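Engineer: No sequence on hand, only this structure:
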């Protein structure tokens with residue numbers, strides 16, 4: 001047995017990258033977008049002095065809970081990711097100009113991708129995990145940045161970091177520490193370990 005027939009897995013996300021990570025691992029699942037007010041949750045967390053790891057859990061929890069209310073028998077996977085650099089939280093850039101400003105702010109500095117995953121079933125959270133990959137951007141030139149943005153175009157606005165590490169964005173970096181899947185938005189190895197323990201995947 002690779003995967004049990006029940007419970008059904010539901011990914012509470014519209015992210016193509018997260019769907020691809022689960023599919024590449026051989027999992028059978030459904031994907032449902034969870035409409036939550038992420039900006040409001042982040043603002044409240046920052047106003048209350050909540051640390052990024054707990055804020056990421058709050059966001060992932062909100063997504064999982066929203067879908068789990070509609071489908072309580074499913075095992076629902078919620079995920080979220082915060083980019084933190086020197087105490088500042090970053091959001092997905094609204095456009096290419098915002099992406100350029102964000103990459104300039106990250107250039108030559110270390111940042112963290114605080115990446116949370118939460119699993120819900122039958123009315124409650126049954127598991128959670130936070131991974132914190134650490135990445136250092138190299139001190140790239142303005143000319144390289146402009147060429148990179150021209151090559152990637154609007155795709156950079158889909159990422160909280162304004163880069164796709166699985167694409168040309170890897171050229172922005174001097175060093176990367178952490179699970180590749182977690183950098184892309186889903187701590188896959190810890191999740192697979194939990195699913196084995198929970199009897200969803202074979203041992």
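Structural biologist: Everything's here; your move. This is a predicted model, so every value here is computed, not measured. Numbering: from 1, shown residues only.
Engineer: ok, which stretches of this protein are helices?
Structural biologist: Using DSSP state H, the helices of the chain run over 16-24, 38-47, 52-70, 96-106, 142-152, 180-184, 188-197.
Engineer: Show me what the fourth one packs onto, helices and strands only.
Structural biologist: Right, helix 96-106. Judged by 3 or more C-beta pairs under 8 Å, 6 or more residues apart in numbering; DSSP states H and E, helix 96-106 is in contact with strand 88-90, helix 142-152. In this view, the C-beta of every residue, glycine as well, is placed from N, C-alpha and C.
Engineer: ok, now with 10 Å
Structural biologist: Judged by 3 or more C-beta pairs under 10 Å, 6 or more residues apart in numbering; DSSP states H and E, helix 96-106 is in contact with strand 75-85, strand 88-90, strand 134-137, helix 142-152.
Engineer: Might one say that residue 59 is in contact with residue 130?
Structural biologist: No: using C-beta atoms under 10 Å, residue 59 is not in contact with residue 130; the gap is 11.2 Å.
Engineer: Who has more neighbours out of the two?
Structural biologist: residue 59 (22 against 18; other C-beta atoms under 10 Å).
Engineer: Mind pulling up the pLDDT for that one?
Structural biologist: Listed pLDDT for residue 59 reads 96.
Engineer: which residues touch it?
Structural biologist: By C-beta atoms under 10 Å, 6 or more residues apart in numbering, the contact list for residue 59 reads 36, 38, 41-42, 45, 78-82, 116, 118.
Engineer: Repeat that for residue 182.
Structural biologist: 21, 79, 81, 113-117, 129-133, 188-191.
Engineer: Which strands or helices does the lowest-mean-pLDDT helix or strand in the chain pack on?
Structural biologist: Lowest by mean pLDDT, DSSP states H and E among the helices and strands of the chain is helix 38-47, with a mean of 91. Packing partners of helix 38-47 (3+ C-beta pairs under 10 Å, 6+ apart): helix 52-70, strand 75-85, strand 88-90.
Engineer: if we go to 8 Å?
Structural biologist: If contacts are counted by 3+ C-beta pairs under 8 Å, 6+ apart, helix 38-47 sits against helix 52-70.
Engineer: picking that back up, joint contacts of residue 59 and residue 130?
Structural biologist: Shared contacts of residue 59 and residue 130 (C-beta atoms under 8 Å, 6 or more residues apart in numbering): residue 116.
Engineer: From what I see, residue 45 and residue 58 are in contact.
Structural biologist: Yes: proximity of residue 45 to residue 58 meets the contact threshold set by C-beta atoms under 8 Å, at 6.1 Å.
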